[in-house]
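sequence? don't have it. structure:
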């Protein structure tokens with residue numbers, strides 16, 4: 001009799017352990033709530049899985065490699081069951097982190113650690129998903145949701161069918177970009193501090209109705225809107241103009257996209273052999289010998305364009321640090337120089353004798 005009682009006790013402990021372990025998650029070794037739970041006639045579904053940008057909570061439809069996101073599971077039960085368990089797998093692409101206190105991680109699995117209370121049959125839970133490295137391609141998430149009757153058993157519950165959600169890696173064809181240019185006047189007068197300048201934004205993957213936030217010295221100029229031009233006559237020397245572009249194209253990133261910088265350059269006379277004191281820290285061409293010039297104040301590779309006063313581009317060349325630029329092909333006169341370094345454009349005039 002004592003031995004029989006021991007067998008009964010052992011069986012009871014085993015069943016309790018199985019049921020209890022399910023209430024605290026089955027782990028990666030048993031990924032499928034349907035393997036253990038069944039019994040209810042009502043329906044449990046995962047309604048959606050949403051990926052959001054950590055910084056602005058924008059909904060994402062593609063992921064940027066090696067980037068953290070907030071991932072949220074939304075589900076429901078059509079009956080009276082209002083306690084839930086769940087499991088989700090990322091299939092070995094990326095990793096989960098920062099689960100809430102009622103959840104846990106087990107290998108590739110993110111799941112409940114205890115029964116999670118719903119609200120009116122609705123379920124919601126969030127964590128971090130850290131995107132995999134570049135070139136990982138499409139990611140497919142798989143998940144199950146189980147609504148339970150809270151009796152610590154496996155019957156009378158209602159697990160969902162498998163839910164899958166796939167999204168692709170962001171590529172250069174999805175990259176949102178914006179470049180700003182001065183479209184008027186065609187030739188800048190750097191001796192006129194009150195010159196009226198018209199800046200225009202040129203978006204890439206901006207969608208049908210992108211919005212813009214113009215900035216001077218990183219401060220917003222008016223509210224965000226659909227105006228792709230900025231007209232001003234009040235820029236002071238060394239003021240910096242930039243623009244943020246908010247794309248409405250589905251999946252375009254980053255959003256907003258930040259433009260290149262254009263720096264206002266106002267001086268009293270053309271540059272011959274010296275750089276004006278006020279602009280001594282800006283990248284500029286200075287002559288080292290007759291019609292031989294050198295780019296100072298930068299150790300970066302630059303693109304240099306030289307224009308006539310009528311706006312015709314005469315030279316377009318790539319410049320390496322400490323390289324001498326030979327302008328002997330140009331005749332005597334004054335020219336406009338545009339220097340582009342890391343998406344920032346600097347402008348000056350030079351005089352050739």
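Looks like it arrived, so ask away. These numbers come from a predicted model, not from an experiment.

C-alpha only now, for contacts and for neighbours.
Noted.

now do the strands in the stretch 151-300 of the chain.
Secondary structure of the stretch 151-300 of the chain (DSSP state E, counting those that start in this stretch): strands at 155-159, 163-169, 177-184, 197-204, 211-216, 219-220, 229-232, 240-246, 257-258, 261-263, 284-289, 292-296.

got the ones you listed as TSV, with mean pLDDT columns?
Listed next are those as TSV, based on pLDDT from 0 to 100:
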stretch	mean pLDDT
strand 155-159	88
strand 163-169	93
strand 177-184	87
strand 197-204	93
strand 211-216	97
strand 219-220	96
strand 229-232	96
strand 240-246	93
strand 257-258	88
strand 261-263	83
strand 284-289	81
strand 292-296	85
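
which one, of the ones you listed, ends up nearest to residue 101?
Residue 101 sits nearest to strand 155-159 of all those, at 22.3 Å, using CA to CA.

just how off-centre is that closest one within its chain?
In this view, strand 155-159 has its centroid 41 Å away from the chain centroid, taken as CA atoms, centre = their mean, to the nearest Å.

sheet-wise, list the partners of it with their directions.
Strand 155-159 has these partner strands in its sheet, going by DSSP bridges: strand 38-39 (parallel), strand 139-148 (antiparallel).

count residues in the vicinity of residue 334, would you?
18 (other CA atoms under 10 Å).

typo on my end, residue 227
Residue 227 - counted by other CA under 10 Å - has 13 other residues nearby.

among the strands paired with strand 155-159, which is the most enclosed?
Greatest average neighbour count among those goes to strand 139-148 (a mean of 24), per mean count of other CA atoms under 10 Å.

count of neighbours near the closest residue to residue 255 other than its chain neighbours?
Excluding the flanking residues, the one nearest residue 255 by CA to CA, 6 or more residues apart in numbering is residue 246, at 5.5 Å. Around residue 246 there are 28 other residues, counting by other CA under 10 Å.

residues contacting the spatially closest residue to residue 265 that is not a sequence neighbour?
Computed as CA to CA, 6+ apart, the closest residue to residue 265 that is not its neighbour in sequence is residue 237, at 5.3 Å. Residue 237 makes contact with 193, 264, 265, 266, 267, according to CA atoms under 8 Å, 6 or more residues apart in numbering.

ok so, going back, minimum distance to residue 77: which of the strands paired with strand 155-159 has it?
Comparing the strands paired with strand 155-159 by CA to CA, strand 139-148 comes nearest, at 6.6 Å.

coming back round to it: which single one of the contacts of residue 237 is nearest to residue 181?
After measuring the contacts of residue 237 against residue 181 - CA to CA - the closest member comes out as residue 264, at 12.2 Å.

surely that closest one touches residue 233?
No. Residue 264 lies out of contact with residue 233 (CA atoms under 8 Å); the separation is 11.0 Å.

and the two? Which one has more around it.
Neighbour tally, residue 264 and residue 233, criterion other CA under 10 Å: the higher count belongs to residue 264, 21 against 12.

any idea how the chain splits into domains?
Domain segmentation of the chain under automatic domain parsing yields 31-170, 173-263, 277-352.

quick one: residues contacting residue 77.
Contacts for residue 77 were tallied using CA under 8 Å, 6+ apart; they are 42, 43, 44, 45, 121, 122, 147.

wait, a strand at the first one?
No. Judged by DSSP: H, G, I helix; E, B strand; the rest coil, residue 42 forms no part of a strand; its state is coil.

excluding chain neighbours, what is closest to it?
In space, residue 42 is closest to residue 79, 5.4 Å off (CA to CA, 6+ apart).

pretty sure that neighbour is in contact with residue 120, am I right?
No. Here residue 79 does not reach residue 120: they are 9.5 Å apart, not a contact under CA under 8 Å.

give me the below-cutoff pLDDT ranges for the stretch 251-353 of the chain.
Applying pLDDT under 70 to the stretch 251-353 of the chain flags the ranges 267-281.

out of the strands of the stretch 151-300 of the chain, nearest to residue 71?
Taking the strands of the stretch 151-300 of the chain one by one with CA to CA, strand 163-169 is closest: 11.6 Å.

please state the offset of that closest one from the chain centre?
18 Å.

pairing partners for it, with directions?
Strand 163-169 is paired, per DSSP bridges, with strand 62-63 (parallel), strand 139-148 (antiparallel).

what about the last one, distance to the chain center?
Mean-position distance between strand 139-148 and its chain equals 27 Å (CA atoms, centre = their mean).

one more: the first one?
The gap between the average C-alpha position of strand 62-63 and the chain average comes to 9 Å, counting by CA atoms, centre = their mean.

and the next element down the chain from it?
strand 68-77 (DSSP states H and E).
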